[in-house]
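Enquirer: here is a sequence with its predicted model. Questions after.
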Amino acid sequence: MADYFKMTRGELEAEKAALEQEYARYKAKGLNLNMARGKPGPKQMNLAMELLKLDDYTAADGTDARNYGNLEGLYEARTLFGEVMGIRPEEVFMGGNSSLQLMYNLVSIGYMFGFPDSPKPWSQVENRKWLCPVPGYDRHFRITEEMGFEMINIPMKEDGPDMDLIEKLVAEDDTIKGIWCVPQYSNPDGITYSDSVIKRFARMETAAPDFKIFWDEAYIVHHLTTKPKETAVLLRECEPYGHEDRVFMFTSTSKITFPGAGVSALGCSTEMMKYVCKRFEAMIISYDKMNQLRHVHFLKNKAGVLAHMQRHRRRLVPCFDAVKTAFREELAPCGDIARWTDPKGGYFISLYVLPGCAKRVAKLCKSCGLILTGAGAAYPYGHDPEDSHLRIAPTFPSLSEVEEASYLLTVCVRLAVVEKLLARQ
């Protein structure tokens with residue numbers, strides 16, 4: 001292999017023919033591979049099967065978890081998730097199996113009723129807007145798109161989103177009502193916000209009195225290294241400035257125990273908790289307390305969670321390494337045709353290919369039996385202005401499948417890039 005940008009047209013045409021032959025070889029295999037969504041594999045879910053063996057559903061305070069009551073959740077569950085998020089049990093509300101549902105419900109509350117600091121419900125705000133660090137999580141963006149918010153792209157830096165731009169926008173425009181954030185191992189780039197960025201979020205002044213930070217701690221314990229970084233707790237950082245009511249923190253066990261049958265948690269100030277409960281009690285008497293108790297007995301405390309996640313790490317690290325090895329061996333020698341992230345945690349690797357090639361790469365992969373998240377999905381409205389980004393999820397397939405999928409992906413990248421370079425000449 002050689003630098004594609006230094007090749008003559010004849011050399012590029014010869015490379016294209018060789019790649020098409022390699023692509024045909026893969027296509028003949030009739031592959032069925034999927035690296036689209038960040039799903040735990042069966043072996044990971046098997047790690048939590050002991051959770052299902054609980055047969056005593058009496059909570060510490062004598063509550064029968066099988067019955068009605070405890071809207072906020074069992075206190076021992078609130079204690080466990082408070083410890084994970086670095087907040088007090090009284091600041092935790094226990095949800096169902098999906099933190100995304102909690103996020104949807106909170107945006108819906110703002111839309112229908114507003115919050116105690118809202119001049120009016122968000123549905124009555126013309127030209128309402130939401131800030132979206134990009135690349136980001138497509139399902140976050142889908143919520144605010146459905147609620148009619150104009151979504152504004154915020155570039156990501158190495159230590160988090162562009163705070164200069166965020167501070168300027170929120171100070172000037174009272175129709176900006178919130179921002180999506182994944183502060184630890186961001187989806188999909190794996191960036192962890194610096195303490196400096198977190199402190200700027202805490203103290204920044206906003207034109208909208210009801211501006212909200214949706215702080216999704218989806219990967220707060222999903223480390224891929226043995227020495228993870230502990231970050232500042234936004235809710236605590238907001239208190240000296242009187243901004244604690246602007247924060248909604250979220251986490252779940254979706255990638256800890258069972259994605260379809262875990263538990264989720266919301267963290268917020270005690271005053272905001274009263275308001276949230278007022279709205280939630282019209283919808284539900286309580287979420288699944290039996291499942292909350294099962295998780296408490298199985299995970300016990302933060303130390304137990306971290307010990308369990310070490311078992312996940314042993315399964316995941318080889319899969320992440322396989323992807324990066326394929327990229328390093330097959331893409332790096334070809335010149336500046338692609339770059340990729342080296343995450344220290346989370347569930348994804350971002351692959352940035354030559355601008356104008358991402359959709360073509362995804363199409364080539366799909367035709368050969370490899371499903372990726374749609375090109376552009378990590379941007380609001382599914383529009384990547386560079387047509388460059390692809391989100392790679394190496395967690396669900398087996399290691400051998402990840403290896404094959406990764407090398408097939410490199411063939412598709414190289415072929416798409418060669419096609420683009422030939423079209424330019």
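Expert: Right, received. Where do you want to start?
Enquirer: now do the contacts for the nearest residue to residue 73 once chain neighbours are set aside.
Expert: In space, residue 73 comes closest to residue 94 once its chain neighbours are excluded; the distance is 2.6 Å by C-beta to C-beta, 6 or more residues apart in numbering. Every residue, glycine included, has its C-beta placed from N, CA and C. Neighbour list for residue 94: 72, 73, 74, 77, 78, 81, 263, 264, 265, 287, 292 [criterion: C-beta atoms under 8 Å, 6 or more residues apart in numbering].
Enquirer: nearest to residue 145, of these?
Expert: Using C-beta to C-beta, the shortest approach to residue 145 within the contacts of residue 94 belongs to residue 264, at 21.8 Å.
Enquirer: who is the closest one paired with across the strands?
Expert: Following DSSP bridges, residue 264 is listed with bridge partners residue 252.
Enquirer: just checking, it touches residue 101?
Expert: Yes - shown here, residue 264 and residue 101 form a contact pair, counting by C-beta atoms under 8 Å, at 7.2 Å.
Enquirer: who has more neighbours out of the two?
Expert: When residue 264 is set against residue 101 and neighbours are counted by other C-beta atoms under 10 Å, the residue ahead is residue 264, at 23 against 15.
Enquirer: for the spatially most central residue of the chain, which non-adjacent residue is closest in space?
Expert: In the chain, the centroid-proximal residue (C-alpha atoms, centre = their mean) is residue 187; its distance is 3.6 Å. Among residues not flanking residue 187 along the chain, residue 137 sits closest, at 4.4 Å (C-beta to C-beta, 6+ apart).
Enquirer: so how far is residue 74 from the residue nearest to residue 73?
Expert: 7 Å (C-beta to C-beta, to the nearest Å).
Enquirer: show me where the stretch 201-350 of the chain has helices.
Expert: Taking DSSP state H, counting those that start in this stretch, the helices of the stretch 201-350 of the chain run over residues 234-238, 270-280, 289-299, 302-330.
Enquirer: which of those helices sits closest to residue 12?
Expert: Among the helices of the stretch 201-350 of the chain, helix 302-330 comes nearest to residue 12, with 16.9 Å by C-beta to C-beta.
Enquirer: who does that closest one touch, helix- and strand-wise?
Expert: Here helix 302-330 is seen to pack against helix 42-46, helix 75-85, helix 289-299, strand 338-340, strand 349-353, helix 399-424 when contacts are counted using 3 or more C-beta pairs under 8 Å, 6 or more residues apart in numbering; DSSP states H and E.
Enquirer: at 7 Å instead, please
Expert: Counting contacts by 3 or more C-beta pairs under 7 Å, 6 or more residues apart in numbering; DSSP states H and E, helix 302-330 is packed against helix 42-46, helix 75-85, helix 399-424.
Enquirer: residues contacting residue 327?
Expert: When the contact criterion is C-beta atoms under 7 Å, 6 or more residues apart in numbering, the partners of residue 327 are 340, 410.
Enquirer: actually residue 22, not the one I wrote
Expert: Residues in contact with residue 22 (C-beta under 7 Å, 6+ apart) are residue 411.
Enquirer: sorry, back to before: tell me, what's touching residue 264 and residue 101 both at once?
Expert: The overlap between the contact sets of residue 264 and residue 101 (C-beta under 7 Å, 6+ apart) consists of residue 95.
Enquirer: run a quick neighbour tally on residue 360.
Expert: With neighbours defined by other C-beta under 10 Å, the count for residue 360 comes to 20.
Enquirer: state the pLDDT value of residue 425.
Expert: At residue 425, the model reports a pLDDT of 78.
Enquirer: which one is it nearest to, not counting chain neighbours?
Expert: Distances taken as C-beta to C-beta, 6+ apart put residue 9 closest to residue 425, at 5.5 Å, once the chain neighbours are dropped.
Enquirer: and residue 362, how many neighbours does it have?
Expert: The burial metric for residue 362, expressed as a neighbour count using other C-beta under 10 Å, is 24.
Enquirer: thought it was touching residue 377?
Expert: No - the pair residue 362 and residue 377 does not pass the contact test of C-beta atoms under 7 Å, sitting 9.6 Å apart.
Enquirer: contacts only, for the nearest residue to residue 391 once chain neighbours are set aside.
Expert: Using C-beta to C-beta, 6+ apart and skipping the chain neighbours, the partner closest in space to residue 391 is residue 188 (4.1 Å). Contact criterion C-beta under 7 Å, 6+ apart gives 135, 348, 350, 378, 391 as the residues in contact with residue 188.
Enquirer: how near is the nearest residue to residue 141 once chain neighbours are set aside to residue 286?
Expert: What sits nearest to residue 141 in space, not counting adjacent residues and going by C-beta to C-beta, 6+ apart, is residue 380, at 4.7 Å. Shown here: residue 380 relative to residue 286, a distance of 34 Å by C-beta to C-beta.
Enquirer: kindly report the same for residue 208.
Expert: The span separating residue 208 from residue 286 equals 32 Å under the rule C-beta to C-beta.
Enquirer: these two: which has the busier surroundings?
Expert: The neighbour count for residue 208 versus residue 286, taken as other C-beta under 10 Å, is higher for residue 208 (22 against 18).
Enquirer: give me the number of residues near the closest residue to the more buried one other than its chain neighbours?
Expert: Nearest non-adjacent residue to residue 208, counting by C-beta to C-beta, 6+ apart: residue 174, 4.4 Å away. Neighbourhood size, residue 174 [other C-beta under 10 Å]: 16.
Enquirer: just checking, residue 174 is part of a strand?
Expert: No - secondary structure assignment places residue 174 outside any strand; it is coil (DSSP: H, G, I helix; E, B strand; the rest coil).
Enquirer: how much space separates the residue nearest to residue 357 when sequence neighbours are not counted from residue 387?
Expert: The shortest distance from residue 357 to any residue that is not its chain neighbour, by C-beta to C-beta, 6+ apart, is 4.4 Å, and that residue is residue 416. For residue 416, the distance to residue 387 (C-beta to C-beta) stands at 10 Å.
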